[in-house]
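Participant: Got a predicted structure plus its sequence, pasted below:
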Amino acid sequence: MKDQPEEIVQITIYPCELEQVPQFNGFREWLHTFELYRGKNTGEGAEDNESRVVGKFKGSMMVYKWPLPDDIEDSTPFGCDPQFGFFNGLPNNDPIHVLVRVYVVKANDLHPADMNGKADPYLIIHLGKHKVNDKENYVSKQLNPTFGKCFEFEATFPQESILTVQVFDWDLVGVDDLIGETKVDLENRYYSRHRAVCGISEEYAIHGYNTWRDPMKPTQILGKLCKDFKVDGPHFTHGKVKVGDRTFQGKQDIEDENGHKKPTDEHIALEALKHWDDVPKGCKLVAEHVETRPLYHPEKPGIEQGKVEMWVDMFPMDMPSPGAPVDISPRKPKKYELRCVIWNTDDVVLEDDAFFTGEKMSDIYVKGWLKGSQDDLQATDIHYRSLTGEGNFNWRFLFPFDYLAAEEKIVISKKESLFSWDESEYKIPPRLNLQVWDADHFSADDFLGAVTLDLNRFPRGAKNAKQCNLGMLKTDGTVPQVSLFKLKRIKGWWPFAAKGENEEETELTGKVEAELHLMSEEEAEKSPAGLGRNEPDPLDKPNRPDTSFISFLNPMKALKYLVCVRFRCLIIKATIMALLTAILVLFMYSMPGYTVKKMFGV
C-alpha cells in the first residue's frame, strides 16, 4: 500500500474586510469610536464636520438600573455575569507594547495610473510614527500585482493603533501617484473577544509550512479563554476535553521533524477553539485567514480603486517572542528545457502537382513553438517532393522556459516595446504548438494542419502511424491524459488537424512522430544537445528518397503527362494555328498564278 498524499491545510479567504464579517460585528462588542468636534455645527454638511474633527474617543456608554432586576438577562462585553462586576474582564488603560506583522499578499483590479492603461504599483505602510517605503520593489506594468511582503513593527497601543496600507504608482519622471489606501484599527482587534490577534489554524503542527505561529499553544489559549469567560474547564481525559457542558475530541499524538510521534493534548484543545462559539458564553474566534480590503483615494471618496489581500498578526511584547514571520514571497519559477525531436511525418495532405508527372506532392516542413510564434518559433528543414505524405526530418527543437508548478504556468519576462524602461511579466499555459506546412517558392507557404499539446495533460502518443487518429484529441475525458512534468520523456505519433471546407468539422491532415524530453536546467547543462542536427549530440541525417530527378527515371510517363495532360490544350491550339497558317500561306502563294490563268484563259 502506498502512503496517501497528505492533504494541504487551507486557510479562510474573506472577500471583504475582517470587520465586515457578520460573526465579528466589526470588533465593536465594547469599544466604540466617537469623533470629537471643535466648535458648533453650522449645518454646512459633511465637509464642515470633517474640518471640525480634533480627535476620537474610544469607549462604551450604557445606562443600567442597578442592581439588575431578576427578569433582565444581560452580560458584560466579555460574556461574564454582571452580578460579579460589570467591568469584569475589561483590560486596563495602560499603554501596551505590541509586535505587529503586516502581511500583504497581492492587489487586484487596481485603477490604471499610466497612459498605457497599466500601473507600476508599490507599497507604503504607516503605523503611528513608523513608515516603510517599498518603492524599490515596485511591480512593473501590473494591475494585479503579487507583493508577497511582510512588514514588522513595534507599536504602542493606543498611541499607534491605526495601520495604513497605501498603494502608489511608480513614475520615472515626476511625483509618484497614490492609487488607493486602506486603514485598519488594530486596537479594536487586539481587545476583541473574537481574538483577532493571530488566526486560529485549522491544524496544529510543530514543523513544516503550517507551523503553529502563535506564541501561545492551543492548550494555553483555551485555558486563558475559560478563565476570562468564567467557563468551567478545560478538563483533559483520555483524548477528550470538557469545556463547560461540551466535550471535544481529537488526535492524541503529534509528529516531529524526525517522524517520531509523541502524546499531546494540543489537537484536542484546538478542536475546542475551533468550536468556541458552541460553548456557553463563547463566540466565534478569528481563524487563520486572508482578508480582502478595498482601496480608496482620499480625493475620490466612495469610489473603489482596487483591492488588497492581506492579514495582520499582533503579539504582546511581554510574552515569549513568536517564531520567524511566514515567508509569503512570490514563488520563483523553475528553469526547464524542452527538447522536441521531430522524427517523421506520415499521411500529410498533398497540396501541389509535380510539374513533369502531374502527381500530387508536398514540400513538407514542421514548425514549433512554446512561448509564442513571435518568441521562440523554430522550424525543420524541408522534405522536398513528398509523394506519399511521408517526411523524414530527425530535427531537434530546443525550448528553454521558466515554469511555476503551483500555477501550472510559464513565466515570460520581456519588454513591451523598444522604449519600455523595464520588462513586464506574463504567464501562459505550457502548450507545445506543432504545425505542418507546404513550402512554396513563388507564393506564400500553405498551412496544412496543427496539433497543440498541453505539457500538463495531453494524450499519450500512438505506437505507430496506423493507430494515430483524431480520436486522440478528444477532450471529453474519454482519452487518458499524461503529464510531461511527471513522465519527463515520451515518444509517439500525434495527429495534425485542420478545419475542413465547411469550417465546422475537423479533418485529419497528417501525423507526426515526435519525442518530447523535459529536463531541468541542471540536467540540460550536464547533457547538452544541439539545435537541429548540430553538435553536441547530433542526430543522424534522415534517409530521404531521391525524388528530385524522378522524371528522368521514367521519361515515357513524364512525356505522356506533358503531352496528354499538362500541355494538351496548348498543343491542340498550336496545331490548329499551324494548320490555319499553312492553309493561308498556300492560298497566298497559289492565288496570283490561278488568277492570271483565269484572265488569259490558259
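Facilitator: The structure has been received and is ready for your questions.

Participant: For residue 396, which non-adjacent residue is closest in space?
Facilitator: Nearest non-adjacent residue to residue 396, counting by CB to CB, 6 or more residues apart in numbering: residue 341, 5.0 Å away. No exception for glycine: its C-beta is placed from N, CA and C like everyone else's.

Participant: CA atoms of stretch 20-33 as PDB?
Facilitator: Output in PDB follows, covering the C-alpha atoms of stretch 20-33 (Å, rounded to 0.1, in the frame of the first residue of the first chain):
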ATOM      1  CA  GLN A  20     -17.400  43.200   7.700                       C
ATOM      2  CA  VAL A  21     -17.700  39.500   8.500                       C
ATOM      3  CA  PRO A  22     -21.100  39.200  10.300                       C
ATOM      4  CA  GLN A  23     -19.800  36.900  13.100                       C
ATOM      5  CA  PHE A  24     -17.300  39.500  14.300                       C
ATOM      6  CA  ASN A  25     -19.600  42.500  14.300                       C
ATOM      7  CA  GLY A  26     -16.900  44.900  13.400                       C
ATOM      8  CA  PHE A  27     -15.000  44.100  16.700                       C
ATOM      9  CA  ARG A  28     -17.200  46.700  18.400                       C
ATOM     10  CA  GLU A  29     -18.500  44.500  21.200                       C
ATOM     11  CA  TRP A  30     -17.400  47.000  23.800                       C
ATOM     12  CA  LEU A  31     -15.100  49.500  22.100                       C
ATOM     13  CA  HIS A  32     -16.900  52.200  20.000                       C
ATOM     14  CA  THR A  33     -15.300  55.200  18.400                       C
END
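
Participant: Residues touching it, excluding its own?
Facilitator: The contact list for stretch 20-33 (CB atoms under 8 Å, 6 or more residues apart in numbering) reads 14, 18-19, 56-60, 77-78, 90, 185, 187-189, 191-194, 196, 277, 283-284, 286.

Participant: out of those, which are buried?
Facilitator: Neighbour counting with 16 or more other CB atoms under 10 Å marks 14, 18-19, 58, 77-78, 90, 185, 187-189, 191-194, 196, 283-284, 286 as buried within the contacts of stretch 20-33.

Participant: Mind checking which of the residues you listed land in strands?
Facilitator: 14, 58, 185 (DSSP state E).

Participant: State which helix of this protein is the longest.
Facilitator: Among all segments of the chain classified by DSSP state H, the helix with the greatest residue count is helix 568-600.

Participant: And the helices in the stretch 451-600 of the chain?
Facilitator: Applying DSSP state H, counting those that start in this stretch to the stretch 451-600 of the chain gives helices spanning 484-487, 521-526, 550-553, 555-561, 568-600.

Participant: Those: which one's closest to residue 400?
Facilitator: Nearest to residue 400, of all the helices of the stretch 451-600 of the chain, is helix 521-526, at 7.7 Å by CB to CB.

Participant: who does that closest one touch, helix- and strand-wise?
Facilitator: Helices and strands touching helix 521-526, by 3 or more CB pairs under 8 Å, 6 or more residues apart in numbering; DSSP states H and E, are strand 334-346.

Participant: do you know how far residue 199 is from residue 291?
Facilitator: To residue 291, residue 199 is 10 Å away according to CB to CB, to the nearest Å.

Participant: Quick one: low-confidence residue ranges for the chain.
Facilitator: Applying pLDDT under 70 to the chain picks out residues 1-6, 42-51, 64, 66-89, 353-359, 373, 417-420, 503, 546-567, 601-602.

Participant: Only the buried residues of the lengthiest strand in it, if you could.
Facilitator: In the chain, taking DSSP E as the definition, the longest strand is strand 300-316. By 16+ other CB under 10 Å, the buried positions in strand 300-316 come out as 305, 306, 307, 308, 309, 310, 311, 312, 313, 314, 315.

Participant: ok, those vs residue 478, which is closest?
Facilitator: Checking the buried residues of strand 300-316 one by one against residue 478 (CB to CB), the nearest turns out to be residue 309, at 38.9 Å.

Participant: Count the neighbours of the closest residue to that closest one other than its chain neighbours for me.
Facilitator: Excluding the flanking residues, the one nearest residue 309 by CB to CB, 6+ apart is residue 105, at 4.4 Å. Other residues within reach of residue 105, judged by other CB atoms under 10 Å, total 19.
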